[in-house]
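# Take this sequence and fold it.
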Amino acid sequence: MSARTKAEAKAELERRLFLDADDLAYVIIDGAQVPGLPAALLEREADHACLFSGDLTPEVEAVAPQLVALAEDGDDFDWAFDHFVESNALVFVRSPWKMTDLRRHLRKLALAEMPDGQVVFFRYYDPRTLLQVLPIATVEQGPKLYGRSGEVLYLLVDKDLALHEFSATP
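All right, here's what the predicted structure looks like:
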């Protein structure tokens, strides 16, 4: 199989991200992988929301994941993909939910219970983590990951620029 170019990966992702006119498109950007992310989003006037809540210290705010709304005719998709796809910093999401509802859903993913009962912090906004977890998620875990009725679709680009799509329906 020949290697994909960045342009080919971007075109396929954009097509699949904006495929359904009834859905909204988002990207979760991992602030720990993108120095200066909060300031960059403010400068761009991007429609975004921090996925951590509460009174954050500047150090925590700087590395917090950000949920960014994407418009098909906007340039935030191009900016995020072009600058950060190779930084393991992007999780693309398609959903009919408005940003506030998607943010509420995603925040519930922050903690995960391990098989031994231990509760751990779950970096669901790191595509490398989701590429390990989503393929082996159980039916019982589905509603927590994808929403009660499967409203959340994840689109991930791996290190080889291959696109992976995960939804509640196979």
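
# Could you report the separation of Val139 from Ala25?
Between Val139 and Ala25 the distance, using CB to CB, to the nearest Å, works out to 27 Å. Yep, even glycine has a C-beta here, placed from its N, CA and C like the rest.

# The two: which is more packed in?
Each of Val139 and Ala25 had its neighbours counted (other CB atoms under 10 Å), and the higher figure belongs to Ala25 (24 against 7).

# tell me the contacts of the more buried one?
With contacts taken as CB atoms under 8 Å, 6 or more residues apart in numbering, Ala25 has the following neighbours: Leu17, Phe18, Ala69, Leu70, Ala71, Glu72, Phe77, Phe92, Val93, Arg94.

# what's the nearest residue to the first one if we skip its chain neighbours?
Nearest residue to Leu17 in three dimensions, chain neighbours excluded: Ala25, at 4.8 Å (CB to CB, 6 or more residues apart in numbering).

# quick one: buried residues of the helix or strand of the chain with the lowest mean pLDDT?
Using mean pLDDT, DSSP states H and E, the weakest-scoring helix or strand in the chain turns out to be strand 111-113, at a mean of 87. Residues of strand 111-113 classed as buried by neighbour count (16 or more other CB atoms under 10 Å): Ala112.

# Parallel or antiparallel, list what pairs with it.
Using DSSP bridges, strand 111-113 pairs in its sheet with strand 119-121 (antiparallel).

# any idea which residue sits dead centre in the chain?
Centroid-nearest residue in the chain, with CA atoms, centre = their mean: Val91, separated by 2.6 Å.

# Correct me if wrong: it contacts Arg123.
No. Between Val91 and Arg123 no contact is recorded; they are 10.2 Å apart, counting by CB atoms under 8 Å.
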